[in-house]
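Student: Dropping the sequence and predicted coords here.
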There are 2 protein chains.
Amino acid sequence: MKSDKISEAVVRRLPVYLRYLNELHKREVTTVSSQELGQKLDLNPAQIRKDLAYFGDFGRKGIGYDVSYLIEKIRQILKLDQRINVALVGAGNLGHALSNYNAFLKDNMKIVAVFDAHPAKIGTSINNLTVQPMEELERTVRDNAIRIGIITVPDFEAQNVANQLISAGIEAILNFAPIILKAPAHIRIHTADFTTDLQSLAYYLDNGKEESAHEETQVDG
Amino acid sequence: MKSDKISEAVVRRLPVYLRYLNELHKREVTTVSSQELGQKLDLNPAQIRKDLAYFGDFGRKGIGYDVSYLIEKIRQILKLDQRINVALVGAGNLGHALSNYNAFLKDNMKIVAVFDAHPAKIGTSINNLTVQPMEELERTVRDNAIRIGIITVPDFEAQNVANQLISAGIEAILNFAPIILKAPAHIRIHTADFTTDLQSLAYYLDNGKEESAHEETQVDG
DNA sequence: TAGATTGTTAATCGATTAACAATC
DNA sequence: TAGATTGTTAATCGATTAACAATC
């Protein structure tokens, strides 16, 4: 079963598969079953098989999946087999941290330009890249065929920066500012907001009892 | 309709509501309807009403929601009305960036301790906090009633750090390492992995046509 | 009163999981 | 051949959305 419309949930699991497959490959494991994969990644094996089957018949009945072949296929699906240039806007602490993560990203996706509006930042160097003024954003994006923008500016500037990235021709945005960006439908936006992560985590803190089906707790009991 | 089991999707939207409500409050808006909220946050109004109704009757028919009251209620639900201490493990670039975000978190959630295994880091200062060695983690966590741990160490150390946090009595973890952590069921783990975010973003880059229902494109056509 | 908007039930939609024939 | 495991269909589960009576 090829194509149809693939749900975002499926797409978000692909990088997770890829990461673990790369680890297996490094360990020289050549074959893996959906069951092993599921166990390691806390996912249902049927779900993994189904996810992969959306894109092709990658496995062999009775055998499992060839690790190298599956890595190749997932990289193709995610377009990680082609060079993808990324721009980072906001040369603060977080921007600095992210630009260092280039090491973690496989060769083909790379932050190739950093921008900031703050005069003091411009011209300084971050991880071998010179911070450029916002005025150069449009030209740099076009000249370097930059397709993804990462936003690490304060929230009140984020929408403005997004607009500039979009009019420069960027196709997708990874937004770290705690705000819901508005953009045309053809622009893909992912929000990576750890304030939200942390706050929703607080919900699950246990204040006393709740579901203490365990017989463990003896304080307060 | 109170309680039942609340889905994670619902819990994850609460901080989003809260953030925008705080903005409204700052602008001295006193009342808001689910429709306005939905428009601003790109959500279905019925969904917002349903989400809130899980926790109580916070609105008034014909009127909408009182902004201040709803803020208070959501803060209670998320346990943000009580002081929650957080520990950060991994004093690298990302850890540094996160510790600065204290400013963005409301008063009640705070990073109160930073740890690192690297001798060169220990004793240095990050955002007014002295980096402590891992050996002190257990005691510091207990003495300061730290309930949440943030992991910003390299992937190969992440599981080990998680184990230490858990045995020190932490209740929840925000994990930035690109790995699936194993933990007992009562420990809540959220993964904030932007490698995954970026890679799944690449999938949506448009290589040519796909769903060009728009008549815009004339190059390549 | 008329208009607006909630809380909630019912309908829809979509995603996950189970089951199994095909086959290595 | 017997055992293992895929790809896929059907069953289940859960989340979103529509609709509307209640009521401010």
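Tutor: Received it, and whenever you're ready, just let me know what you need.
Student: doesn't A:T124 make contact with A:T130?
Tutor: Yes: the pair A:T130 / A:T124 is scored as a contact, 7.4 Å apart, by Cβ atoms under 8 Å. C-betas here are computed from N, CA, C, even on glycine.
Student: for DNA strand D, what are the nearby residues on chain A?
Tutor: Contacts of chain A with DNA strand D, taken as Cβ under 7 Å from any atom of the strand, map to A:1, A:33-35, A:45-46, A:49-50, A:52-53, A:57-65.
Student: Select from these every entry located in strands.
Tutor: A:G59, A:R60, A:G64, A:Y65 (DSSP state E).
Student: Look at the residue nearest to A:I77 when sequence neighbours are not counted and tell me its secondary structure.
Tutor: Nearest residue to A:I77, sequence neighbours excluded (Cβ to Cβ, 6 or more residues apart in numbering or on different chains): A:F55, at 5.4 Å. Classification of A:F55 using DSSP: H, G, I helix; E, B strand; the rest coil returns coil.
Student: ok, now A:A113?
Tutor: strand.
Student: For A:A177, which non-adjacent residue is closest in space?
Tutor: A:A158 (3.5 Å).
Student: Doesn't that neighbour lie inside a strand?
Tutor: No: judged by three-state DSSP, A:A158 forms no part of a strand; its state is helix.
Student: Run a quick neighbour tally on it.
Tutor: Residue neighbour count, defined by other Cβ atoms under 10 Å in any protein chain shown, stands at 22 for A:A158.
Student: can you pull the pLDDT of it?
Tutor: For A:A158, the pLDDT comes out at 97.
Student: How about A:N100?
Tutor: Taking A:N100 on its own, its pLDDT is 81.
Student: same check, this time on A:K106
Tutor: A:K106 is given a pLDDT of 65.
Student: ChimeraX command for the buried members of the ones in strands among the residues of chain A next to DNA strand D?
Tutor: Selection of the buried residues among these in ChimeraX, burial being defined by 16 or more other Cβ atoms under 10 Å in any protein chain shown:
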select /A:59,64,65
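Student: Scan chain A for its longest helix.
Tutor: Of all segments of type helix in chain A, defined using DSSP state H, the longest is helix A:8-26.
Student: Show me which residues of that one are buried.
Tutor: For helix A:8-26, by 16+ other Cβ under 10 Å, it's A:10-21, A:24.
Student: now these in TSV, with pLDDT and distance to DNA strand C?
Tutor: Converted to TSV, the buried residues of helix A:8-26 look like this (pLDDT from 0 to 100; distance: Cβ to the nearest atom of the strand, whole Å):
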residue	pLDDT	distance to DNA strand C
A:V10	97	6
A:V11	97	10
A:R12	96	9
A:R13	97	8
A:L14	97	12
A:P15	96	15
A:V16	96	12
A:Y17	97	13
A:L18	96	17
A:R19	94	18
A:Y20	96	17
A:L21	97	19
A:L24	97	20
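Student: For chain B, see how far away the closest residue to DNA strand C within chain A is.
Tutor: Per Cβ to the nearest atom of the strand, A:G62 is where chain A lies closest to DNA strand C, at 2.1 Å. Distance check for A:G62 against chain B: by Cβ to the nearest Cβ, to the nearest Å, it reads 27 Å.
Student: per-residue confidence averaged over stretch A:168-188?
Tutor: Here the average pLDDT along stretch A:168-188 is 94.
Student: Buried residues of it, list them for me.
Tutor: A:168, A:170-181, A:183, A:187-188.
Student: For chain A, which residues are neighbours of DNA strand C?
Tutor: Counting by Cβ under 7 Å from any atom of the strand, chain A sits next to DNA strand C at A:7-10, A:43-44, A:46-47, A:49-50, A:60-63.
Student: Lowest-scoring secondary structure element of chain A by mean pLDDT?
Tutor: Here the helix or strand of chain A ranked lowest by mean pLDDT, DSSP states H and E is helix A:93-100, holding a mean of 89.
Student: right, and A:L21 touches A:I71 too?
Tutor: Yes: using Cβ under 8 Å, A:L21 makes contact with A:I71 at a distance of 4.9 Å.
Student: beta partners of A:I146?
Tutor: Here A:I146 shows beta-bridge partners A:N85, assigned using DSSP bridges.
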